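1. Pasting a predicted model and its sequence here:
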Amino acid sequence: MSFETSNIERKVLSILKVLSASPQAQGARVIARALKDTGIDLTERAVRYHLQMTDGKGLTRLVGRRDGRVITDLGQKELNKALVNDKVGFAFSRIESLAFQTNFNYGNHTGTIPVNISMFPKSNFPKALKIIKKVTKAGLCVSDLVAVINEGEAVGNITVPEGKTALATVCSIAVNGALLKAGVPIDSKFGGILQIRNHQPLRFTELINYSGSSLDPSEIFLRAKMTTVGQVVETGNGEILANFREIPAICRPLAEEISDKLKSAGIGGMFVIGNVSEPVCEISVELNRVGIILIGGLNPVAAAHEAGIESENYAMSALMDYQKLVKLEQLS
């Protein structure tokens, strides 16, 4: 089954997205409100009409007049396949959107910063946390500031389901946001696998351009088990998640200044800042530009994944108040 990419079908797919993001059944009123937040203005009555259509196609199921609808397995499959062209470049637009919305003030340590959300089975969370602490202590992360989200609690559009515990880790887009607020134009090129040799960055062995991807590259590499973060911690050799950016050469001193200020707030991320027009880790840089390698925020979670602890990861998924984050070492 497939949909034509018409205006009506886009509205139907938007309704399916709302249902897919919710762990509970939703009624027409709640769905209409959620759609309005994304710029789609449908009345409650119109939503009911579209839901009757999706019920008939087996994409949604009525749970009860008061409880509303849930998305079916068929509906989820259709949602995953539909409008694939619209999803190309989604990672790039998500980076720009989150960077613009980030309002963290590294002077007084207030405001919001972008985070990744990783969900673990509750029983495995203590074991995962032990590994994550080890990787964070080794510096293979953006920040040692985290937040624990328990079942039933929500961050952005993500609600933690029953039996799960989630960990919010600082995303490297925090650096994008800080540079943007300081007036530094930053071009997000790609996410990739960075080879480390003798504790030093050597070269990128794999990369995915943001402009051609519908998913965050870190999620893809993590699912494919292409990292050896734990090995890097132990031996100084292996592969980690990293991201590549470019800025105008004239902005290099300001970028270094911002990096220092972010570090004072417990946020790192700038792994390498290259020289003007010179390649960085075998990646060529345009004339009068400077290459920057940002360390991947999901590296600590990748190490847990390597140890056999499965997780559901949502990279660059939400904004969180800086004041709600705590030092990882404070968690038991």
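-> Perfect, I can see it now.
2. Can you report how many residues lie near S214?
-> Here the neighbour count serves as a burial measure; for S214 (other CB atoms under 10 Å) it reads 14. Bear in mind the C-beta positions are built from the backbone N, C-alpha and C, glycine included.
3. Next: L262.
-> Neighbourhood size, L262 [other CB under 10 Å]: 22.
4. which residues sit against the helix or strand containing it?
-> Per DSSP states H and E: L262 is located in helix 252-264. Counting contacts by CB atoms under 8 Å, 6 or more residues apart in numbering, the residues outside helix 252-264 that touch it are 106-107, 174-175, 178-179, 182, 184, 247, 268-270, 273, 276, 290, 292.
5. The very next helix or strand once past that helix - contacts with which helices or strands?
-> Stepping forward along the backbone from helix 252-264, the first helix or strand reached (DSSP H and E) is strand 270-273. Other elements packing on strand 270-273 under the criterion 3 or more CB pairs under 8 Å, 6 or more residues apart in numbering; DSSP states H and E are helix 252-264, strand 289-295.
6. Among the ones you listed, which comes closest to F221?
-> When these are ranked by proximity to F221, the top entry is strand 289-295, at 13.6 Å, counting by CB to CB.
7. how far is whichever helix or strand comes after that closest one from where the chain is centred?
-> Reading on from strand 289-295 to the C-terminus, the next helix or strand found by DSSP H and E is helix 299-306. Per CA atoms, centre = their mean, to the nearest Å, the displacement of helix 299-306 from the mean C-alpha position of its chain is 15 Å.
8. And for stretch 218-238?
-> The chain centre lies 17 Å from the centre of stretch 218-238; the measure is CA atoms, centre = their mean.
9. Between the two ends of it, how far is it?
-> End-to-end distance for stretch 218-238, by CA to CA, to the nearest Å: 16 Å.
10. Return the distance of the helix holding L262 from the chain's centre.
-> The gap between where helix 252-264 is centred and where its chain is centred comes out at 23 Å by CA atoms, centre = their mean.
11. what's the answer for stretch 198-209, then?
-> 20 Å.
12. Just the residues contacting that stretch, thanks.
-> The contact list for stretch 198-209, computed with CB under 8 Å, 6+ apart, reads 189-196, 217, 220-221, 226, 232, 236-237, 239, 242, 244, 271-272, 281-283, 293.
13. which of those are buried?
-> Neighbour-count burial (16 or more other CB atoms under 10 Å) applied to these gives 189-196, 217, 220-221, 232, 239, 242, 244, 271-272, 281, 283, 293.
14. among those residues, which are in helices?
-> Counting by DSSP state H, those place 217, 220-221, 232 in helices.
15. Redo the residues you listed as CSV? Include distance to L19 and pLDDT.
-> Shown next, in CSV, are these (distance: CB to CB, whole Å; pLDDT from 0 to 100):
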residue, distance to L19, pLDDT
P217, 27, 91
I220, 25, 90
F221, 29, 94
V232, 40, 98
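16. Name the nearest of the residues you listed relative to Y210.
-> Comparing these against Y210 with CB to CB picks out P217 as the nearest, at 7.3 Å.
17. show me the contacts for the closest residue to that closest one other than its chain neighbours.
-> Here the nearest residue to P217 in space, its sequence neighbours aside, is G191; by CB to CB, 6 or more residues apart in numbering that works out to 3.0 Å. In this structure, G191 makes contact with 91, 207-208, 210, 216-218, 221, 241-244, 296, judged by CB under 8 Å, 6+ apart.
18. what about 10 Å?
-> With contacts defined as CB atoms under 10 Å, 6 or more residues apart in numbering, G191 is in contact with 91, 95, 172, 204, 206-210, 213, 215-221, 241-244, 294, 296, 298, 315.
19. For the stretch 101-250 of the chain, which segments are assigned as strands?
-> If DSSP state E, counting those that start in this stretch is used as the criterion, the strands of the stretch 101-250 of the chain fall at 112-121, 145-149, 154-155, 158-159, 164-170, 187-197, 200-209, 238-248.
20. Kind regards, and thank you for your time.
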